[in-house]
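> what shape does this take:
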Amino acid sequence: MPIIQWYPGHIAKAERQLKEQLNRVDVVLEVIDARIPLASHHPDVPQWIGSKPRILVINRVDMISESARKDWLAWFKAQGENPYFTDAKQGKGVKAIEKAAQETGISINQRRSDRGMLSRPVRAVVIGFPNVGKSALINRLLGRKVVESARRAGVTRQLKWVRISDHIQLLDAPGVIPIKLHNQKDAIKLAICEDIGEAAYDNQQIAAALIDLLVELNYEEIFLSRYQLDPIEITGEQYIHTLGNNRYKGDKERAAMQLLNDFRKGLMGELSLEFPP
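Purely as a prediction, here's the structure:
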């Protein structure tokens, strides 16, 4: 498979602007994808934010099983984290995020008061890879649509301050991604989950990788029940070829997009592509 790399100009610009704004920010909300919590964590975030408080938001919890959620919760707690699981699209878990940000603001304003300064709304920034649900989270926090949100990477292109309440101001930032994706297994997972721009990959190759990965994770029964085609004795590439012949008059691209969209929309079921180490 060709190497997956994606770093368009708007992301480079957004990263520069984000770093400039971080000194004005009190707390960082890092949003990651529940299906791939490790692959969707930007490795530079700890360096960027330094000692600032960080709220870890694991979004799309509706797309993984309850047992997987519990396993990830236990693992992150063992790492000293206190993750918040959300389904930003439906609003599940969002109130807890708002409360956590407000509590951070209370301690920040107490320190300001101790220094003879006036209190002010807590300034938070929402960061993460493209398409992990940052804008959907902000819209839910506000209670109405103020920033554009869609199921594709690269929708947010400008940094924008949004006043959530008298207590919180949020900076909506475009998705950020490392200049180089050194771990190509993670890059493939990002492509499968649509957390990277589609210009970075070939749909048929990523769909084949999805099949191979799901078989490796013992999800092969999904293919039998949904597509009436057993993936065990063939490669992902061969599977797409056969599915294209069986269903779409030899159209492999259509078969690949069917598989990818079925996974991305949750039609295959609650599937995790990563489990705690």
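> rest of the way, CA atoms for contacts and neighbours
OK.
> list the contacts of the closest residue to residue 35 other than its chain neighbours.
In this structure, residue 35 finds its nearest non-sequential neighbour in residue 272, 4.6 Å apart by C-alpha to C-alpha, 6 or more residues apart in numbering. With contacts taken as C-alpha atoms under 8 Å, 6 or more residues apart in numbering, residue 272 has the following neighbours: 34, 35, 36, 63, 64, 65, 68.
> pLDDT at the last one, what is it?
Read that as residue 68. Looking at residue 68, its pLDDT reads 98.
> pretty sure it sits against residue 275.
Yes. When contacts are counted by C-alpha atoms under 8 Å, residue 68 is listed as touching residue 275 (7.3 Å).
> of these two, who's got more company?
residue 68 (19 against 15; other C-alpha atoms under 10 Å).
> ok now do the more buried one, which residues does it touch?
Residues touching residue 68, when contacts are defined by C-alpha under 8 Å, 6+ apart, comprise 272, 275.
> that one falls within a helix, correct?
Yes. With DSSP: H, G, I helix; E, B strand; the rest coil as the criterion, residue 68 is assigned to a helix.
> and it, how far from residue 96?
Residue 68 sits at a distance of 20 Å from residue 96 (criterion: C-alpha to C-alpha, to the nearest Å).
> state whether the residue nearest to residue 35 is indeed within a strand.
No. The assignment for residue 272 by three-state DSSP gives coil, which leaves it out of any strand.
> dihedrals phi and psi, it?
phi -100, psi 140 (degrees, to the nearest 10).
> let the chain start at 504 from now.
From this message on, residue numbering opens at 504, which makes the last subject residue 775.
> ranges for the strands of the stretch 654-780 of the chain?
In the stretch 654-780 of the chain, the segments counted as strands under DSSP state E, counting those that start in this stretch are 663-666, 671-675.
> just the buried positions in the first one, please.
Neighbour-count burial for strand 663-666, counted by 16 or more other C-alpha atoms under 10 Å, picks out 665, 666.
> mind listing the strands that strand pairs with, and their directions?
With DSSP bridges as the test, strand 663-666 is paired with strand 671-675 (antiparallel).
> residues in contact with the strand it pairs with: which ones?
For strand 671-675, the external contacting residues (C-alpha under 8 Å, 6+ apart) are 604-605, 608, 624-630, 637-638, 641, 662-667.
> dump stretch 749-757 to CSV, restricted to CA.
Provided in CSV are the C-alpha atoms of stretch 749-757 (Å, rounded to 0.1, in the frame of the first residue of the first chain):
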residue,chain,number,x,y,z
ASN,A,749,-21.3,-10.4,-7.3
ARG,A,750,-23.2,-7.2,-6.5
TYR,A,751,-22.1,-4.3,-8.7
LYS,A,752,-21.4,-5.7,-12.2
GLY,A,753,-17.6,-5.7,-11.6
ASP,A,754,-17.5,-2.2,-10.1
LYS,A,755,-14.8,-2.6,-7.4
GLU,A,756,-14.9,1.1,-6.5
ARG,A,757,-18.6,0.9,-5.7
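> can you show me the helices along the stretch 604-753 of the chain?
Listed in chain order, the helices found in the stretch 604-753 of the chain under DSSP state H, counting those that start in this stretch are 637-645, 687-695, 706-719, 724-730, 739-750.
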